[in-house]
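[1] could you work out the structure for the sequence below:
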Amino acid sequence: MSQDRIAAHFQTSLAGFNKAAQDRELLAVTHTIAKATAAALANGKKLLLIGNGGSAADAQHIAAEIVGRYKQERPGWAAIALTTDTSALTAIANDYGFEQIFARQLQGLGQRGDILFALTTSGRSPNILAALKMAREIGITTVGFTGTKGESLRQSCDHLFVSPSDDTAVVQQIHMMAMHGICDEVEHALIGGKPKA
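    Sure, this is the predicted structure:
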């Protein structure tokens, strides 16, 4: 009988989720990121998000949760996924190189006091590293989301969330779990109240 690859993936994902849920240091980092995000939004600043491939989709997803709503009815807050403007992405890549697609947008759109979520499962994406450098120059709080192979990203970030996995899909799933938790915490911190039914 052939291996059930779907069940195996479920088990691998579940193991990663359980490991993350039991990691006190990782939970503490996640709370710190939530507090920094809430503080930026409360001060009228923006959440900016970047990533490549699946992480680009995750960045767009979380921007929508912040601008729209996660669970609670509330005003929209400022969040922009810098992965979605095809005109900007292609113009910058054509004129300056793919490495600059996020850094150049940060230079134009970022402001001191904003917060940047940089998603990279490897921790080595040149366009992410260039963006983190630019963010630091501007005075943007830098938050990295990576996997166990991305520890080197720590030197470029104010806060670093390391998914306890080196499987790209599982790393991204844990990132989404953490960012949804951050959305929930931010809403609770800024408005309280009860979830929308």
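[2] and the strands in this protein, which stretches?
    Here the chain has its strands, by DSSP state E, at 47-51, 79-81, 115-119, 141-146, 159-162.
[3] chain center to the longest helix seen in the chain, what's the gap?
    Assignment by DSSP state H gives helix 168-191 as the longest helix of the chain. Per C-alpha atoms, centre = their mean, to the nearest Å, the displacement of helix 168-191 from the mean C-alpha position of its chain is 9 Å.
[4] tilt between that helix and strand 47-51?
    Angle of helix 168-191 versus strand 47-51, following axes from the mean of the first three to the mean of the last three C-alpha atoms, to 10 degrees, is 180 degrees.
[5] quick one: contacts of helix 168-191?
    9, 12-13, 16-17, 20, 30-31, 33-35, 37-38, 41-42, 54-55, 58, 61-62, 65-66, 69-72, 74, 117, 119, 121, 145-147, 161, 163-165 (C-beta atoms under 8 Å, 6 or more residues apart in numbering). Quick note: C-beta positions are derived from backbone N, CA and C, even for glycine.
[6] tell me the buried residues in it?
    For helix 168-191, burial by neighbour count (16 or more other C-beta atoms under 10 Å) applies to 168, 170-179, 181-188, 190.
[7] now do the contacts for residue 79.
    46-49, 62-67.
[8] tell me the buried residues within those.
    Counted by 16+ other C-beta under 10 Å, the contacts of residue 79 give 46-49, 62-63, 65-66 as buried.
[9] return the closest of the residues you listed with respect to residue 112.
    Distance to residue 112, by C-beta to C-beta, is smallest for residue 46 among the buried ones among the contacts of residue 79, at 11.1 Å.
[10] which one is the closest one nearest to, not counting chain neighbours?
    residue 78 (4.1 Å; C-beta to C-beta, 6 or more residues apart in numbering).
[11] mind listing what the residue most central in space within the chain touches?
    Here the mean C-alpha position of the chain is nearest to the C-alpha of residue 117 (C-alpha atoms, centre = their mean), at a distance of 3.9 Å. Under the criterion of C-beta under 8 Å, 6+ apart, the neighbours of residue 117 are 47-50, 59, 62, 143, 145, 179.
[12] where does this structure dip in pLDDT?
    Across the chain, residues meeting the criterion (pLDDT under 70) sit at 1-2, 193-197.
[13] mind doing that once more with 50?
    1, 195-197 (pLDDT under 50).
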